[in-house]
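Undergrad: Need a 3D model of the sequence below.
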Amino acid sequence: MSTIQFFYQKRLNSFRNREKLKQFLIKTAKSHKRGVDEINIIFCSDPYLLEINKKHLSHDYYTDIITFDLSQKGSPLQAEIYISIDRVKDNAKSIGTSFNQELHRVIFHGMLHLLGLKDKLPADQKKMRKAEDELLGKYFK
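TA: Residues are numbered from 1 along each chain as shown. Model prediction:
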């Protein structure tokens, strides 16, 4: 059975349609020939995610998301996705989009990483952004 759960280290005031989002993420994984075992999405603060970034990735900077793929090769997805609510708010403001839209973009970004998309090189970043936009369009249609 597929399980996607949300956890809140940092309070999130307006996060609706969680069941719709869970089903959409499972459907997205299936469309990429991947099942979902368990994905935990943890909403947290900048300081909390900074500590994870330092401890596990040796990066000393703020980020909006860190995705840990805990899956065995060829098995259904098992993962933890940490999302900084502080970064999502700041990013939404700086790019002129709604918090809700940016939050979903970041969630989809994490799922796309689990499905094999990368974003280190400029060409990969372009592919990632296109895939995010496609998922946003499907989800909010």
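
Undergrad: How much space separates residue 25 from residue 40?
TA: As defined by C-beta to C-beta, to the nearest Å, residue 25 lies at a distance of 12 Å from residue 40. (C-beta placed from N, C-alpha, C; glycine too.)

Undergrad: Could you name every residue contacting both of the two?
TA: residue 4 (C-beta atoms under 8 Å, 6 or more residues apart in numbering).

Undergrad: So between the two, which is more surrounded?
TA: residue 25 (24 against 16; other C-beta atoms under 10 Å).

Undergrad: For residue 95, which non-adjacent residue is closest in space?
TA: residue 102 (7.4 Å; C-beta to C-beta, 6 or more residues apart in numbering).

Undergrad: Touching, that neighbour and residue 90? I think so.
TA: No. Counting by C-beta atoms under 8 Å, residue 102 sits too far from residue 90 to count as a contact (9.4 Å).

Undergrad: So which of the two has more stuff around it?
TA: residue 102 (21 against 15).

Undergrad: Okay, and that one sits in which element?
TA: Using DSSP states H and E, residue 102 maps to helix 99-114.

Undergrad: Okay, buried residues for that helix please.
TA: 99, 102-114 (16 or more other C-beta atoms under 10 Å).

Undergrad: For it, C-alpha coordinates in CSV please.
TA: Listed next in CSV are the C-alpha coordinates belonging to helix 99-114 (Å, rounded to 0.1, in the frame of the first residue of the first chain):
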residue,chain,number,x,y,z
PHE,A,99,2.9,30.6,-1.4
ASN,A,100,0.6,27.8,-2.4
GLN,A,101,1.9,27.6,-6.0
GLU,A,102,5.5,27.7,-4.8
LEU,A,103,4.9,25.1,-2.1
HIS,A,104,3.5,22.7,-4.7
ARG,A,105,6.4,23.4,-7.1
VAL,A,106,8.9,22.5,-4.4
ILE,A,107,6.9,19.3,-3.5
PHE,A,108,6.9,18.3,-7.2
HIS,A,109,10.6,19.1,-7.4
GLY,A,110,11.3,16.6,-4.7
MET,A,111,9.2,14.0,-6.4
LEU,A,112,10.9,14.6,-9.7
HIS,A,113,14.3,14.1,-8.0
LEU,A,114,13.0,10.7,-6.7
